[in-house]
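**Student:** I'll drop the sequence and a predicted model, then ask my questions.
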Amino acid sequence: MDAYDLITRNASEVVTEDEVRALADDPEGKRAYVGYEPSGVLHIGHMLTANKLIDLQDAGFEVVVLLADVHAYLNGKGTFEEIRETAERMKEQFIAYGLDESQTEFVLGSEFQLDESYVLDLHALELETTLSRAERAMAEIKSGDSVTVAQAVYPIMQALDIVYLDVDLAIGGMEQRKVHMLARDTLPNIGEESPTCMHTPLIADLATGAGKMSSSKGVTISMEDSTEDIEEKVNSAFCPPTANPTEDGEERENPVLQIFEYHVFPRFERVVVERPDKYGGNLDYDDYESLEADLESGELHPADAKGALAGYLDELIAPGRKKIDA
RNA sequence: CCGCUCUUAGCUCAGCCUGGCAGAGCAGCCGACUGUAGAUCGGCUUGUCCCCCGUUCAAAUCGGGGAGAGCGGACCA
């Protein structure tokens, strides 16, 4: 796999392709970042962008993980003391998950976001951004919710973080695309470059295959889960025997396949689906596409796929779980 | 600061006028059917009715006080 393919694999959007190709020509020492609001426990959504960071490290990038304590504060997640505590736990879980500690720079937002020059630049950027644009950039604001000034400042700070962390490539889930587009549009107005961005897919809701998996409500898979929790959650997941299900005429995703594609295959060379002899014995895959094809054709039954998925997920989560228990 | 509206199950809300066992839809949970899940069918759970005081045999409902949220406060001066 060449550098560009590794850098962009499993990405659902690259902005822009030319810019990323330029980075891929000489990836050594380039910097990429993802920002995370410290939240209780690392879950499968965090792990998806973390997989991308691991790809980038393999390609030679330096990786910055922003533990966005100030953002969490602006989003009403608690006191700074509480937030920093969870940030510390989160950092340990990222390392346990597989980020190379020596190649990863963990930065607390408050380390630079309170500096005078940052604050002044922030105000300059506020001057360039309309309230409605900022509001639209905040993915999680539901219509009808009342929006605070803090929530409007939030995405503007994300834009400025890209400048202050001196990164060449901003990574985020697809829900971050509006923030990144805001950054691309407004940063030039204060004399900074438009950042290059790349977005990872969102895993669909486990239970329905519709919308995105939510960590705050509904079912998510996290590093807190026991082996039994994972088996139970995976087993109850929506999984019709096809990659492109429709339900009541609505487009759905197959979350079981998505997790194979975005979590299992990037981290395992070979996937074995154990199967009783009466159903045909074990199956062996070395890429995602052949597994999907077998599910589609009926060769692979969803129940067997789920069994295998639970096993591999458990293996991915085990190191982090050990950290939490310790 | 002033005015109007709202506050009832996890969510959206009905009930309030005219006081009498706390409701519906959705969600959730449990079974049946499927070699998974979903769909379908059957069953079940869920409450500080925003708070306090008062009236009454009886208050989600009526009266008073308070809190929180939303919207509005244009023109002229």
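**Tutor:** Here it is on my side, so go on.
**Student:** C-alpha only now, for contacts and for neighbours.
**Tutor:** Noted.
**Student:** so how many other residues sit close to residue A:148?
**Tutor:** Counted by other CA atoms under 10 Å, the residues lying close to residue A:148 total 11.
**Student:** Also residue A:282?
**Tutor:** 12.
**Student:** show me the residues around it that make contact.
**Tutor:** A:272, A:273, A:274, A:275, A:276 (CA atoms under 8 Å, 6 or more residues apart in numbering).
**Student:** what does residue A:296 give?
**Tutor:** Per CA under 8 Å, 6+ apart, neighbours of residue A:296: A:241, A:242, A:243.
**Student:** Going by neighbour count, which of these comes out on top?
**Tutor:** residue A:241 (21 neighbours).
**Student:** which residues in chain A form helices?
**Tutor:** A:3-8, A:17-25, A:44-58, A:69-74, A:80-97, A:116-127, A:131-137, A:149-164, A:177-186, A:227-235, A:255-259, A:288-297, A:302-325 (DSSP state H).
**Student:** so can I have a markdown table of those helices showing mean pLDDT and distance to RNA strand B?
**Tutor:** Putting the helices of chain A into a markdown table (pLDDT from 0 to 100; distance: least, CA to the nearest atom of the strand, whole Å) gives the following:
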| stretch | mean pLDDT | distance to RNA strand B |
| --- | --- | --- |
| helix A:3-8 | 92 | 30 |
| helix A:17-25 | 91 | 36 |
| helix A:44-58 | 93 | 18 |
| helix A:69-74 | 92 | 16 |
| helix A:80-97 | 90 | 21 |
| helix A:116-127 | 94 | 21 |
| helix A:131-137 | 85 | 13 |
| helix A:149-164 | 92 | 11 |
| helix A:177-186 | 94 | 23 |
| helix A:227-235 | 92 | 4 |
| helix A:255-259 | 95 | 8 |
| helix A:288-297 | 94 | 10 |
| helix A:302-325 | 89 | 4 |
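**Student:** Turn those into CSV, including distance to residue A:36.
**Tutor:** Shown next, in CSV, are those (distance: least, CA to CA, whole Å):
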stretch, distance to residue A:36
helix A:3-8, 20
helix A:17-25, 22
helix A:44-58, 8
helix A:69-74, 9
helix A:80-97, 9
helix A:116-127, 19
helix A:131-137, 16
helix A:149-164, 11
helix A:177-186, 14
helix A:227-235, 24
helix A:255-259, 21
helix A:288-297, 28
helix A:302-325, 17
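**Student:** check the contacts of residue A:296 against RNA strand B, which are close?
**Tutor:** residue A:241 (CA under 7 Å from any atom of the strand).
**Student:** Out of the contacts of residue A:296, which is nearest to RNA strand B?
**Tutor:** Set against RNA strand B, the nearest of these by CA to the nearest atom of the strand is residue A:241 (4.9 Å).
**Student:** per-residue confidence at the closest one?
**Tutor:** Predicted confidence (pLDDT) for residue A:241: 92.
**Student:** Can you verify my assumption that it contacts residue A:302?
**Tutor:** Yes - using CA atoms under 8 Å, residue A:241 is in contact with residue A:302, at 6.0 Å.
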